[in-house]
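Peer 1: Have a look at this prediction, sequence included:
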Amino acid sequence: MNKISIIGAGMTGSTTAHWLAEREIADLVLVDIVEGMPQGKALDLLEALPIVGSDVSVVGSNDYAATKGSDIIVITAGIPRKPGMSREDLLTTNAQIVRAGVENTLKHSPDAIYIILTNPLDTMAYLAMQVGKLPRERIMGQAGVLDSARMRAFVALETGVSVENIHCYVMGGHGDEMVPLTRHSNVAGIPLRDLLPADKLEAIVNRTRKGGGEIVNLLKTGSAYYAPAAAVAQMAEAILKDKHLIVPASAYMQGEYGLKDMFFGAPVQLGRGGVEKIVEYKLDADEKAALAASAAAVKESIGVMMGLVKI
Ligand code: APR
């Protein structure tokens with residue numbers, strides 16, 4: 001059985017374990033600093049599995065030794081956004097937490113593939129890559145699957161068509177400058193621009209960009225977890241099953257889209273080795289300009305982080 005360890009057993013971490021356990025693709029380990037909490041959540045989840053019909057093991061621990069031999073490490077540890085906080089406000093605290101998570105897991109799983117969820121995630125993925133000296137294939141951030149799923153959900157609400165028919169692609173950094181690609185997104189092959197009036201489409205684009213904040217404002221005590229966790233589960237399954245699945249995700253750019261030495265959301269092909277390929281869309285001038293603005297925001301965040309954290 002494959003093994004996935006999730007660092008941070010809070011809302012996104014434990015919900016990721018939940019979605020993954022249902023998929024029956026890996027034994028699961030939850031690690032957190034809070035004593036008893038990962039153990040309690042793991043036991044509760046384990047006790048649900050006879051009902052669900054899934055034969056995986058679920059272990060909770062405060063000790064990184066439990067992660068030994070993991071195929072995938074998911075890092076969700078950190079503090080979530082509170083109302084009024086930007087993702088960048090989280091930078092310093094989460095950088096220390098992610099750094100510890102990478103260093104402590106790599107000792108026990110030197111070949112693991114890393115999926116970073118902790119925000120600001122493009123920056124945290126960059127940090128994790130540097131700290132772990134990871135090849136670009138083995139490190140990615142989850143954001144695009146989530147942002148695209150939000151857009152798909154909003155298009156479904158607007159059109160009344162099955163979510164399965166709706167294909168949306170959001171590129172760029174996981175911030176308010178992200179770039180929902182309306183020209184590439186479609187409903188059963190019909191471009192969104194042909195299906196929806198411009199004002200409705202613009203409203204969907206704006207709601208997608210602010211999708212995380214909308215949930216933070218409603219929850220008041222934390223940020224989204226069902227959809228981010230479901231996104232991680234899909235990525236982990238694509239890797240373990242060697243599906244060669246193309247999903248939007250944050251990956252290390254080496255010249256793609258004219259970007260270098262940064263993580264950025266783009267269509268990425270996932271298989272057993274991790275990031276197999278970054279797919280390049282043909283973009284028009286408007287799309288290029290929007291991506292440049294998003295890239296500038298991510299670059300700035302990485303620059304700030306590198307000024308704060310010694311690697
Ligand atoms: N090691 C392990 N776990 C840690 C550490 C650490 N050094 N520091 C904090 N944690 C744990 C906390 O104890 C908590 O259980 O990380 C968990 C985070 O869980 P939540 O507070 O519920 O936050 P969550 O909603 O899961 O979000 C976590 O993911 O989506 C992003 O923006 C979000 O950056 C945030 C992260």
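Peer 2: Ah, there it is.
Peer 1: Assign the residue lying closest to residue 224 once chain neighbours are set aside to helix, strand or coil.
Peer 2: Counting by CB to CB, 6 or more residues apart in numbering, residue 224 lies nearest to residue 215, which is 4.2 Å off, once chain neighbours are set aside. From N, CA and C alone the C-beta is placed, and that goes for glycine too. For residue 215, the secondary structure call by DSSP: H, G, I helix; E, B strand; the rest coil comes out as helix.
Peer 1: thinking residue 215 is in contact with residue 221, fair?
Peer 2: No: at 11.4 Å, residue 215 does not count as touching residue 221 under the criterion of CB atoms under 8 Å.
Peer 1: Those two: which has the busier surroundings?
Peer 2: Taking neighbours as other CB atoms under 10 Å, residue 215 and residue 221 compare with residue 215 leading, 18 against 9.
Peer 1: from the stretch 1-150 of the chain, which residue is nearest to the ligand?
Peer 2: residue 10 (1.7 Å; CB to the nearest ligand atom).
Peer 1: For the nearest residue to that residue once chain neighbours are set aside, list the residues it contacts.
Peer 2: Once flanking residues are discounted, residue 10 sits nearest to residue 76: 6.7 Å by CB to CB, 6+ apart. When contacts are counted by CB atoms under 8 Å, 6 or more residues apart in numbering, residue 76 touches 6, 7, 8, 10, 12, 13, 16, 117, 118, 232.
Peer 1: can you redo those as JSON lines with neighbour count, pLDDT and secondary structure?
Peer 2: Putting the contacts of residue 76 into JSON lines (neighbours: other CB atoms under 10 Å; pLDDT from 0 to 100; DSSP: H, G, I helix; E, B strand; the rest coil) gives the following:
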{"residue": "6", "neighbour count": "34", "pLDDT": "99", "secondary structure": "strand"}
{"residue": "7", "neighbour count": "30", "pLDDT": "98", "secondary structure": "strand"}
{"residue": "8", "neighbour count": "27", "pLDDT": "98", "secondary structure": "coil"}
{"residue": "10", "neighbour count": "21", "pLDDT": "97", "secondary structure": "coil"}
{"residue": "12", "neighbour count": "28", "pLDDT": "97", "secondary structure": "helix"}
{"residue": "13", "neighbour count": "27", "pLDDT": "98", "secondary structure": "helix"}
{"residue": "16", "neighbour count": "29", "pLDDT": "98", "secondary structure": "helix"}
{"residue": "117", "neighbour count": "29", "pLDDT": "97", "secondary structure": "coil"}
{"residue": "118", "neighbour count": "31", "pLDDT": "95", "secondary structure": "coil"}
{"residue": "232", "neighbour count": "27", "pLDDT": "98", "secondary structure": "helix"}
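Peer 1: can you put those in a markdown table and add distance to residue 95?
Peer 2: Shown next, in a markdown table, are those (distance: CB to CB, whole Å):
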| residue | distance to residue 95 |
| --- | --- |
| 6 | 19 |
| 7 | 14 |
| 8 | 14 |
| 10 | 17 |
| 12 | 18 |
| 13 | 18 |
| 16 | 21 |
| 117 | 14 |
| 118 | 9 |
| 232 | 20 |
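Peer 1: next one: the lowest-mean-pLDDT helix or strand in the chain to chain centre, how far?
Peer 2: Taking mean pLDDT, DSSP states H and E as the measure, helix 285-308 is the helix or strand of the chain with the lowest mean score, a mean of 92. Here helix 285-308 shows a centroid-to-chain-centroid distance of 18 Å under the convention CA atoms, centre = their mean, to the nearest Å.
Peer 1: Could you do stretch 90-110 as well?
Peer 2: A distance of 16 Å separates the centroid of the chain from that of stretch 90-110, by CA atoms, centre = their mean.
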